[in-house]
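> okay, here's the prediction I keep looking at, along with the sequence it came from:
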Amino acid sequence: IVVDNSPPTGTPSVPVVDNSLSETSSVPSYIGTTTIVFSWETGSLTDTISGIDGYELWIGTSGGSVREIEGAPPAEAALAADLWQRDSHLPLAKVGSSASYRFVGIHNQTYYAMVRGINGAGLAGEYSQLSDGITIDITPPSGIARVMDFAAYTDNPELMFWFGSSTDMESGICKYEYDLGTDNIRFDLFRGSVSAGGSPTGTGSISIKVNEPGRYYLRTRAINGAGLSNNWQKSDGIMVDTSPPVIGEIRDGKDDDLDKTGSDRSLHANWDLSSDAESGISGCWYGIGTSASTVGVVDWKEIDKAATRITVTNLSLTDGETYFISLKVKNGAGKINLACSDGIMVDMNNPPAPGAIRDGDGEDVDYSASSSHISCNFSIFDQEDANEFGLIGYEAGIGTSSVDAPAVTGWRTAGSMTDRVEFRDIALINGIKYYSMVRSVNKHDKRSEVLSSDGFIVDTTPPQLSITYPTAGQILGTTSIVVSGTIT
């Protein structure tokens with residue numbers, strides 16, 4: 001038998017816990033399960049006579065009273081006696097170069113440990129240094145992991161997201177995990193995490209640059225210090241729109257594009273509805289200037305985003321000047337597009353002509369049975385348009401040419417709201433084609449171009465009837481007679 005009356009020399013390494021799920025390396029660390037496995041290595045522990053047969057492990061809490069399982073607290077721990085409890089004296093058996101001990105604790109409790117070696121003679125060596133604390137946290141973060149993308153639309157492919165609202169009073173919010181996707185089901189474009197600092201109400205933010213326009217969604221969940229997470233929460237989506245809205249042709253006038261206007265008081269414009277497939281139209285403005293895309297006459301004025309026409313009144317326009325109407329449209333992402341009309345010139349020397357002119361009192365006639373009386377009617381401007389163009393009335397007449405002055409009657413005057421002129425006691429020649437003509441007159445005593453009808457023919461003679469069967473005095477042997485002849 002070998003006599004060994006001296007304890008082992010040196011100490012094992014400080015006990016550590018396999019807390020690979022822990023999300024923080026600060027003191028104390030955390031673990032998301034009630035089972036703690038302390039492990040250590042031989043360190044500097046040695047015994048040249050009887051060898052190392054086993055270890056003795058002390059486990060303590062951060063604030064509990066001393067609970068002595070076997071023996072008394074070691075003298076080395078006397079100053080911290082209120083922090084320790086002796087939980088187990090491992091079997092005195094050879095355990096090789098390392099050892100471990102499985103221990104079951106309780107939620108929200110911090111544990112510490114130290115270990116010493118036992119030689120073959122049963123003598124104990126010095127304790128190792130005190131381990132770092134390990135705190136049990138088996139509850140995930142509370143609350144939802146709110147994620148905000150700050151807007152419904154953006155023209156910036158650098159997306160910003162903010163995470164918050166989750167809390168964890170035990171081990172804190174250490175990070176937020178996130179996934180990015182183009183719909184709210186699949187999140188497979190980008191994955192990562194962002195630190196939340198480890199405070200009980202930790203928050204975080206992240207910037208992600210995307211390569212293509214489109215709608216993007218981010219989901220996130222909070223991770224506490226013990227590695228436990230709450231449920232995924234999703235953003236409501238943000239549309240990346242890097243292209244401006246589409247604006248159609250701007251047309252001067254109420255309908256078709258006009259090159260001239262007889263009004264020095266108002267302007268009209270119309271266009272097709274603007275569109276933006278990604279983020280929609282959020283605003284629309286118009287302006288008027290004397291050169292393309294300028295607004296020196298009327299500064300930008302906001303109109304309904306669904307508008308397709310404008311009428312601008314109470315202007316003071318210069319005769320001979322060309323004016324341009326510009327349209328500015330903004331989409332939901334803030335992108336702006338500009339469009340401009342090709343310009344319309346104010347021409348007070350040529351007021352607009354009336355609408356269609358018709359021979360006769362109502363619908364257009366091609367013949368007249370009278371050589372002394374005929375009427376014409378025409379489409380006039382309503383009172384608003386008449387005032388806009390400064391019209392004071394119309395002049396109408398009858399002539400034998402659709403391009404020359406009305407030689408038969410001369411010009412007859414009609415009021416601005418009169419759409420019919422009657423000509424009496426005139427001398428029209430049978431068989432001759434005549435034309436009705438009309439023109440507008442403005443307050444500057446300027447006339448429009450002449451509008452002519454398609455003409456009518458005077459026919460004052462009745463048709464001639466000639467009976468060819470039966471002949472005069474002919475006796476027929478039937479009670480049914482068919483008469484035939486010619487009409488010219």
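Right, received. Where do you want to start? Residues are numbered from 1 along each chain as shown.
> can you pull the contacts of the nearest residue to Pro245 once chain neighbours are set aside?
The shortest distance from Pro245 to any non-neighbouring residue, by Cβ to Cβ, 6 or more residues apart in numbering, is to Asp276 (4.0 Å). For the C-beta atoms, the positions are set from N, CA and C on the backbone; glycine is no exception. Contacts for Asp276 (Cβ atoms under 8 Å, 6 or more residues apart in numbering) come out as 241, 243-246, 331-332, 335.
> before we move on, what about Thr322?
With the criterion set at Cβ under 8 Å, 6+ apart, Thr322 makes contact with 290, 343-346.
> hmm, Arg219 is touching Gly237, no?
No: using Cβ atoms under 8 Å, Arg219 is not in contact with Gly237; the gap is 11.1 Å.
> Gly10: neighbouring residues, count only.
By other Cβ atoms under 10 Å, the residues close to Gly10 number 15.
> equivalent analysis for Ala152, please.
14.
> and the strands in the stretch 351-488 of the chain, which stretches?
All strands of the stretch 351-488 of the chain, identified by DSSP state E, counting those that start in this stretch, fall at 357-359, 367-368, 373-378, 391-399, 412-415, 420-424, 433-442, 451-452, 456-458, 465-469, 484-487.
> name the strands paired with the second one and say parallel or antiparallel.
Sheet partners assigned to strand 367-368 using DSSP bridges are listed as strand 456-458 (parallel).
> avg pLDDT for the partner strand?
The pLDDT scores in strand 456-458 average 97.
> grab the nearest non-local neighbour of the most centrally placed residue in the chain.
By Cα atoms, centre = their mean, the mean C-alpha position of the chain lies nearest to Ser279, the distance being 2.7 Å. Nearest non-adjacent residue to Ser279, counting by Cβ to Cβ, 6+ apart: Gly332, 3.1 Å away.
> show me the contacts for that neighbour.
The contact partners of Gly332, by Cβ under 8 Å, 6+ apart, come to 152-153, 239, 241, 276, 278-282.
> ok so, going back, now do the contacts for the residue nearest to the centre of the chain.
Ser279 makes contacts with 152-153, 239, 241, 331-333, 335, as judged by Cβ under 8 Å, 6+ apart.
> and Pro200, which of the strands of the stretch 351-488 of the chain is closest to it?
strand 391-399 (79.7 Å; Cβ to Cβ).
> and that closest one with strand 433-442, angle?
For strand 391-399 against strand 433-442, the angle by axes from the mean of the first three to the mean of the last three Cα atoms, to 10 degrees is 160 degrees.
> list of residues touching strand 391-399?
Outside strand 391-399, the residues that touch it by Cβ under 8 Å, 6+ apart are 351, 354, 374, 376, 378, 380-381, 385, 405-416, 418, 421, 423, 426, 428, 434-443, 447.
> list only buried entries from the contacts of Asp276.
Using 16 or more other Cβ atoms under 10 Å as the burial test, those include 241, 244-246, 331-332, 335 as buried.
> show me the residues you listed that map onto helices.
Members of the buried ones among the contacts of Asp276 lying in helices (criterion: DSSP state H): none.
> need those residues in a markdown table (columns: pLDDT and distance to Val297).
Formatted as a markdown table, the buried ones among the contacts of Asp276 follow (pLDDT from 0 to 100; distance: Cβ to Cβ, whole Å):
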| residue | pLDDT | distance to Val297 |
| --- | --- | --- |
| Asp241 | 94 | 32 |
| Pro244 | 95 | 25 |
| Pro245 | 96 | 24 |
| Val246 | 96 | 26 |
| Asn331 | 95 | 27 |
| Gly332 | 93 | 30 |
| Lys335 | 95 | 26 |
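> can you name the two of the residues you listed that are farthest apart?
Longest distance between any two of the buried ones among the contacts of Asp276 is 13.7 Å, between Val246 and Gly332; criterion Cβ to Cβ.
> what about Gly105, how many residues close to it?
20.
> my read: it touches Thr34, true?
Yes: assessed by Cβ under 8 Å, Gly105 is found in contact with Thr34 at 5.6 Å.
> tell me how far Gly54 lies from Thr11.
Separation of Gly54 from Thr11 (Cβ to Cβ, to the nearest Å) stands at 15 Å.
> burial of His107, as a residue count?
Neighbour count of His107, defined by other Cβ under 10 Å: 11.
> hmm, back to that, more crowded one of Arg219 and Gly237?
Arg219 (19 against 16).
> all helices of this structure, in order?
383-388.
> in it, which helix or strand is least confident?
Averaged element by element with mean pLDDT, DSSP states H and E, the chain has its least confident helix or strand at strand 85-88 (a mean of 37).
> which parts of the stretch 51-200 of the chain are strands?
For the stretch 51-200 of the chain, the strands defined by DSSP E, counting those that start in this stretch cover 52-61, 85-88, 98-104, 110-119, 124-127, 134-136, 146-148, 153-154, 158-164, 173-181, 190-195.
> would a markdown table of these with mean neighbour count and distance to Val210 be doable?
Compiled in a markdown table, the strands of the stretch 51-200 of the chain are given as follows (neighbours: other Cβ atoms under 10 Å; distance: least, Cβ to Cβ, whole Å):
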| stretch | mean neighbour count | distance to Val210 |
| --- | --- | --- |
| strand 52-61 | 22 | 50 |
| strand 85-88 | 17 | 54 |
| strand 98-104 | 15 | 48 |
| strand 110-119 | 24 | 44 |
| strand 124-127 | 20 | 57 |
| strand 134-136 | 23 | 40 |
| strand 146-148 | 19 | 16 |
| strand 153-154 | 21 | 10 |
| strand 158-164 | 19 | 6 |
| strand 173-181 | 23 | 8 |
| strand 190-195 | 14 | 8 |
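> lowest average confidence across these, which one?
strand 85-88 (a mean of 37).
> ok, and the closest non-adjacent residue to Gly181?
Sequence neighbours aside, Phe187 is the residue nearest to Gly181 in space, at 3.7 Å (criterion: Cβ to Cβ, 6+ apart).
> for that neighbour, which residues are in contact?
Applying Cβ under 8 Å, 6+ apart to Phe187 gives the contacts 179-181, 217-219.
> just Gly120 next, same as before
With contact set as Cβ under 8 Å, 6+ apart, Gly120 has these partners: 4, 47, 49-53.
> how about the spatially closest residue to it that is not a sequence neighbour, what does it touch?
The shortest distance from Gly120 to any residue other than its chain neighbours is 3.0 Å, reached at Ser50 (Cβ to Cβ, 6+ apart). Ser50 makes contacts with 2, 4, 119-121, as judged by Cβ under 8 Å, 6+ apart.
> that'll do, ta.
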